[in-house]
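Colleague: Sharing a model that was predicted from the sequence below.
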Amino acid sequence: MRILLVEDEKRISDSIKKGLEQETFAVDTAFDGEAGFDLAITEDYDVIILDLMLPKLDGLEVCRRLRKNKNHSPILMLTAKSQLHDRVNGLNAGADDYLIKPFAFTELLARIKALTRRPKGSLDALLAADGLKLNTLTYEVSREGKEIRLSKKEFSLLEYLLRNKGQILTKEQIIDHVWDYEADVLPNTVEVYIGYLRNKIDKPFEKKDRLILTVRGFGYKVGGRK
């Protein structure tokens, strides 16, 4: 999943970004409200983490403008303020949740995962397809009970495919959700990682149907035959 982090304190931003990337998220960062707003309306994010006190545009104004522009990405507001009216203002501006600094990274992670479960019923912790199981909490992957070891990027790619089971996903959609904005990714990169996954979840299980299917001229999908 892809996250936008808008936080002007670089030390905090770097720490959060590093932690989230270790949890297999792709993370883009912005350090002021204007840059954050521009990224949010031009890119597709699964969650936006938005600091309240930002230069150029504060978090409340960014949130209001995003909702006015019909951007429905879940927004988690961060702030050092703890007064009730500040939390109410954030929620009234369109934020989905509120987290007060300082906070434990485990709480931030739990809030993010809770938010991603709201828009779609398919955003569960346990994803499955034809004997393949992926647990987004423990990062365990198996097929027919056999453990499968994946790299972080392979895990992110498989998670995105499973969350959209039965849907054809273009290379551009996959890049947008699995890699961050600054990553130097070519369409061929997607083909390479699809190949890595097939070698681990399809090739060793020759008696089972192939899970990752190529829909020529369109993209890839998991589940269902062509």
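Modeller: Okay, I see it.
Colleague: so what's K120 scoring on pLDDT?
Modeller: K120 carries a pLDDT value of 46.
Colleague: I148 against K200, yeah?
Modeller: Yes - using C-beta atoms under 8 Å, I148 is in contact with K200, at 5.3 Å. C-beta here means a position set from N, CA and C on the backbone, and glycine is covered the same way.
Colleague: Show me where this structure has its strands.
Modeller: 2-6, 26-30, 47-51, 75-79, 97-100, 126-129, 132-135, 141-143, 146-147, 212-215, 219-222 (DSSP state E).
Colleague: Neighbouring strands - and their directions - for the shortest one?
Modeller: Read that as strand 146-147. strand 141-143 (antiparallel) (DSSP bridges).
Colleague: before we move on, back to that, can the strands of the chain go into JSON lines with extra columns for mean neighbour count?
Modeller: Output for the strands of the chain, formatted as JSON lines (neighbours: other C-beta atoms under 10 Å):
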{"stretch": "strand 2-6", "mean neighbour count": "25"}
{"stretch": "strand 26-30", "mean neighbour count": "22"}
{"stretch": "strand 47-51", "mean neighbour count": "27"}
{"stretch": "strand 75-79", "mean neighbour count": "24"}
{"stretch": "strand 97-100", "mean neighbour count": "18"}
{"stretch": "strand 126-129", "mean neighbour count": "16"}
{"stretch": "strand 132-135", "mean neighbour count": "19"}
{"stretch": "strand 141-143", "mean neighbour count": "19"}
{"stretch": "strand 146-147", "mean neighbour count": "10"}
{"stretch": "strand 212-215", "mean neighbour count": "16"}
{"stretch": "strand 219-222", "mean neighbour count": "21"}
